[in-house]
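[1] Attaching a predicted model along with its sequence, questions to come.
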Amino acid sequence: MTHLYLVDLGPLTINGTFIVETVGFLLMLLFLSYVPLPFLGIPKPVFPWIISIAEARQREITAKLQEAEQARQEAEARLKDAEAKLVDARKTADTIVQGANRSGEQLRSDLRQKAEAEHDRIVESAQRDIAAERDRALQEARDEVAGMVVAATQKVIGETLDERKHRQLIERAIEEVTSGDGRR
């Protein structure tokens, strides 16, 4: 196919087809801008109608972008609110855990004090019981020793002392024995 060249400038050659296509395009734009096409159902010129559709579409896209931006800002606000609530919940949980730890420590301390007090009470009671039992055993031993001394004395001396003198002698002998003195 041969092309019609108006001027041959080498690589910058102006092609006649290009000029014809450009002029045709401009005529079509002019025709669509001013001529209505009622036979196609378009009562107004096409170009302004296309521009109004494009502008309406642009307004719609702008409105949707604004809605999207507003939704993004609301989502960010909700996220910040949720993060703040999460921080508060963690603080509350930490407070509860610390309170439970303190309560546990206090309970453990109270139980330890009660156990120590009960231990001390049991030890004191046992010491009192031991002392009372020791005193009772010593008294029984004294009474038995006194009885044996009286019996032995009666056999050795052959006579009985009056009860009061006899008791005084026994008491004094027991005191000397218990004090470790052994002196009379």
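    Received the coordinates, thanks. Since this is a predicted model, take the numbers as computed values, not measurements. Residues are numbered from 1 along each chain as shown.

[2] Give me the buried positions along stretch 88-99.
    When neighbours are counted by 16 or more other C-beta atoms under 10 Å, no buried residue of stretch 88-99 is found. Heads up, the C-betas are built off the backbone N, CA and C, glycines and all.

[3] scratch that, stretch 140-152
    Buried, per 16+ other C-beta under 10 Å, within stretch 140-152: 142, 146, 150.

[4] longest helix anywhere in this structure?
    The helix spanning the most residues in the chain, taking DSSP state H as the definition, is helix 46-157.

[5] So which elements touch the helix or strand that that one is followed by?
    Downstream of helix 46-157, the first helix or strand assigned by DSSP states H and E is helix 163-179. If contacts are counted by 3 or more C-beta pairs under 8 Å, 6 or more residues apart in numbering; DSSP states H and E, helix 163-179 sits against helix 46-157.

[6] tell me the mean pLDDT for stretch 172-182?
    Averaged across stretch 172-182, pLDDT comes to 70.

[7] picking that back up, now the angle between helix 163-179 and the longest helix of the chain, please.
    Orientation of helix 46-157 against helix 163-179 (axes from the mean of the first three to the mean of the last three C-alpha atoms, to 10 degrees) gives an angle of 130 degrees.

[8] lowest average confidence, helix or strand, in this protein?
    strand 5-7 (a mean of 53; mean pLDDT, DSSP states H and E).

[9] low-confidence ranges in the protein?
    Residue ranges of the chain with pLDDT under 70: 1-14, 34, 37, 42-46, 154-162, 180-184.

[10] cutoff 90 now
    1-19, 27-54, 134-135, 137-184 (pLDDT under 90).

[11] Residue 164: neighbouring residues, count only.
    Residues near residue 164, counting by other C-beta atoms under 10 Å, number 8.
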